[in-house]
Every structure is written in structure tokens, then in C-alpha cells.
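**Q** Next comes the sequence, and after it the predicted model I'd like to discuss.
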Amino acid sequence: MASAYNPIYTDVPEKDVFALHFLQTLSNLRTQNSFSSPDNKTSDRVKKIKKAAYVSMARAAGGANRLWSRSLLHQAAKRNNKNVRFLRRKRRVTWLMRRRSNRGDPIEDVAAERLRNLVPGGGGMETSKLMEETAHYIKCLSMQVKVMQCLVDGLSPK
Amino acid sequence: MLESLVSLESMSLSSMDVSVLERLKWLQQQQQVLSTTNASPELLQFHGTNNDELLQNTFSHFQMLRSGFGPNYSMGFGPSHEAMDGCISRTNSCQMDQADTVGVMLKNSEENITISLKNKRKSEVKTREEEKTEKKIKVEAETELNMKARREKISKKMKYLQDLVPGCNKVTGRAGMLDEIINYVQSLQRQVEFLSMKLAVLNPELELAMEDLSVKQFQAYFTNLPVVVASKPSLMVDAPLFPLDQQGSLDLSVINPNQATTIEAPSASWETQSQSLYNTSSLGFQY
């Protein structure tokens, strides 16, 4: 699958990068919650692992280079009440202006809205940019899924 | 009496009723004729003799005249009076009209001025509106071009997404495509959640040996690397099935020796990368 169609850069790093990042986040999780009670297993742990997966994916995909990854990390930092580095207020003004000028077909807009809700950080993007981000997001998601599948299969008892 | 009549007639300013005056004049002539023929002796008699008979004669004459031209007289007088009054009224009205006209003229001038001003404003407004419409037309044309460019971009990207998303070739049209893409993204996200749940179940069993775990996990991904780096079919695609209980050295033994070189390089990179990742703190986000 060459980038002939899309001259815009949507390359995704290799799987190992994803794996590394994911493992790192998982280990961080373990270091943080090594002494936590194993009773609250299911929901909290699931949530934490899910978060770790997304964050690691965002980091692996290029950190702050992509809008969706940036917004993901932003959200994660907000939840943790940590100092958020990627504050960009100028962006908000521009995205408001872009939204006003973003008048596409009504058929497209409905589906585009759904996409925006799905892809993180999709609220402040034009439809074309949204497409790029979804492409990259899909690639990264598929990679992350593969990594996690490998891990699960590796860890699962035989 | 006739003189009085004449005086009355003269008094009438009726320039309108010329016919009545003419009639009256004719009457006067007739009367004069009559008077010269008959009246003079009567007048003489009047002056000289009894007044009563003269008066009666004059009265009878008057009555005759009056009867003869009674209706005309009455007509003449009536309308003359009316005419007089009408004339007066007319003149008055004319005067009034003149005044009115003057006022109207003034008003008209004022109105003209205001009208001219309004026209100027209207013209100005019209020019502004014209300019606005022109600008609108230009802007509309520009927006149409922009829309076309945007649509082209979006269609390009949709094609790219079509290649990405499996099973998108069948569905045509933007809406269907977008729905497919949305479904795919949702399925991927659900997979992530599912796998995280699985991991959460599996993890507590392996929480004790943290460091070993990391090494083992790395080694578990060793098998994944050849899938990414090399494309030899002899390699196991289902690398995760590889047992983890064994030590790391066994991993290499299973894999083809041909691949050893390829694996070693990534292993070195693995170690370096892992070390770097572990040593260096993250970008400020910790879990």
C-alpha cells in the first residue's frame, strides 16, 4: 500500500515501537499499583489498561505530531490532574473559525460528526483533515490491536 | 326705476354673465324707447301732474316690463346675484387658490428637495447594495471553487481510506463509505477494550515477576519482529503461540538460523530502545 494516493504523510511506525510503548506503560502501571489490592480487579484494571493502551499508542504514533494523539494525551493528563504541556489556546480560535467555514454536504456532515465523536480530537478539524486523522488513527489502532493480541496470546496459559 | 335697475346692473361685477347685461342694456334701450314714446309724457306728467297716476303708470310699465322680462329679469337677477356671489366667491376662491398655489409651490419645492435628497440616498444605497451584491457574487464564486477543491480533497482521502478499511470496495458512495469506516473504527476500539480486559485478567498472575515479565514479553515479541521485518513464509505467523515458560535462549533455537542475523539486529535495537525508554522519563505523563 503505497502513499501514491495520499501525498500526506500517514506512515505509521513499526509494531515494535508500539509494543515497546505499551509494555512501558504497563510496567509503569504495575509499579504504581504494585501494592494495590487485587480485589478491584475487573473494572479499574481494565480501565487502566485501556488507558495505557491508548496512551502508548498515542506516544508510539508520534506523540505530538498528530492531532488525535495530542488530544488523547491531553485528555489523559486532564484525568490525572497533571500539568498539561500541550496547551495551545491559539488553536481554539482557529478551530472555531474553521468550523464556521466548514459547510459541506449535509450527507457528509452527519457521518463526519459521528467520526468526529469517535476519533479523539476530531471536533476541531475540517472534513479533509478529519479524513487524514482517521486514516492514521485506523492504522495505529490496528497496530495496537495486533500488539495487544500478541501479548494476550503470549501470556495466556497453555 | 330703470336707472336704479341700470345702477344695479352696473353694480354687478358679473363679467361672466355678459348675456344678461346685454339683455339689460336692450331692456334699457327699449325702456328708453318706451320712455321716449310713452314715458316722457308720463314723466312730464309725473313731474307736472299727479304722482299717483305716473307712479301707477310706471308701476304698470314696470310690471309690464317685469312681466315681459320677468322671468328673464328674475333669471337675470337671480343668477347675477348668484353670479355676483359666485364671482365674489370665485374671486375669493381664486385668491385663495393663488395663495394655496403659492403655498403648494413652496411645499412642492420643499418636497422636491426632500425627494431629491431621498433619491440621492436611494442611489447611494443602491450603489452600496450593488456593490454588496457584486461582492456577494464574487464571494459565492470563490466559495464554489473552494467547495469544489474541498470535495476533491475529500474524495481523494476517501479513496485512501477505502484501501485501508477492509470490505469497503463493495460499498459505493460517500455515506456508505463513511458508515463503513465508522464501523471499522468502532470495531477496532472494541477490540482494544476486549483485549485490555483479557490482559487485566491475565496480568495478576504475572505481577510478581516484573522484570522477568518484561524480558519475557520482549522475547515474546521477538517472534513478532520477523513478521514485520522479513517476509519469509517459513516463519511462524502465529508467533504468539510460542511458549513463554522457557528461557529466552530457546527462542532463538527455534527460529531458523538464517534469520538469526536479522533477529540479532533488532534485538540489539530492542535492548537499546528498552533501556532508553526505561531510563529516560516519559514526556511528563506517568501511569
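**A** It's in.
**Q** For the rest of this, base every contact and every neighbour count on C-alpha atoms.
**A** Will do.
**Q** Stretch B:133-152 near chain A anywhere?
**A** Yes - using CA under 8 Å from any CA of the partner chain, stretch B:133-152 reaches chain A at B:Met147, B:Arg150.
**Q** before we move on, what about stretch B:182-192?
**A** Yes - against chain A, stretch B:182-192 shows contacts by CA under 8 Å from any CA at B:Ile182, B:Val185, B:Gln186, B:Leu188, B:Gln189, B:Gln191, B:Val192.
**Q** for the first one, what are its contacts?
**A** Just to be clear, that refers to B:Ile182. A:Arg114, A:Leu115, A:Leu118 (CA atoms under 8 Å, 6 or more residues apart in numbering or on different chains).
**Q** picking that back up, I'd like the residues of stretch B:182-192 next to chain A as JSON lines, with secondary structure appended.
**A** JSON lines is the format used below for the residues of stretch B:182-192 next to chain A (DSSP: H, G, I helix; E, B strand; the rest coil):
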{"residue": "B:Ile182", "secondary structure": "helix"}
{"residue": "B:Val185", "secondary structure": "helix"}
{"residue": "B:Gln186", "secondary structure": "helix"}
{"residue": "B:Leu188", "secondary structure": "helix"}
{"residue": "B:Gln189", "secondary structure": "helix"}
{"residue": "B:Gln191", "secondary structure": "helix"}
{"residue": "B:Val192", "secondary structure": "helix"}
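**Q** Let me have those in JSON lines, adding pLDDT as columns.
**A** Output for the residues of stretch B:182-192 next to chain A, formatted as JSON lines (pLDDT from 0 to 100):
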{"residue": "B:Ile182", "pLDDT": "87"}
{"residue": "B:Val185", "pLDDT": "88"}
{"residue": "B:Gln186", "pLDDT": "90"}
{"residue": "B:Leu188", "pLDDT": "89"}
{"residue": "B:Gln189", "pLDDT": "89"}
{"residue": "B:Gln191", "pLDDT": "88"}
{"residue": "B:Val192", "pLDDT": "87"}
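**Q** For A:Leu20, give its distance to A:Val55.
**A** 12 Å (CA to CA, to the nearest Å).
**Q** For these two, work out which one has more neighbours and name it.
**A** A:Val55 (27 against 23; other CA atoms under 10 Å in any protein chain shown).
**Q** can you list the weak-confidence ranges in chain A?
**A** A:1-12, A:32-42, A:63-68, A:79-107, A:122-123, A:158 (pLDDT under 70).
**Q** Let me know whether the biggest helix by length in it sits next to chain B.
**A** With secondary structure taken from DSSP state H, chain A has its longest helix at helix A:127-155. Yes - using CA under 8 Å from any CA, helix A:127-155 comes into contact with chain B via A:127-128, A:131-132, A:135, A:138-139, A:141-142, A:144-145, A:148-155.
**Q** circling back to that earlier point, quick one: buried ones out of the contacts of B:Ile182?
**A** For the contacts of B:Ile182, a neighbour count by 16 or more other CA atoms under 10 Å in any protein chain shown gives the buried set as A:Leu115, A:Leu118.
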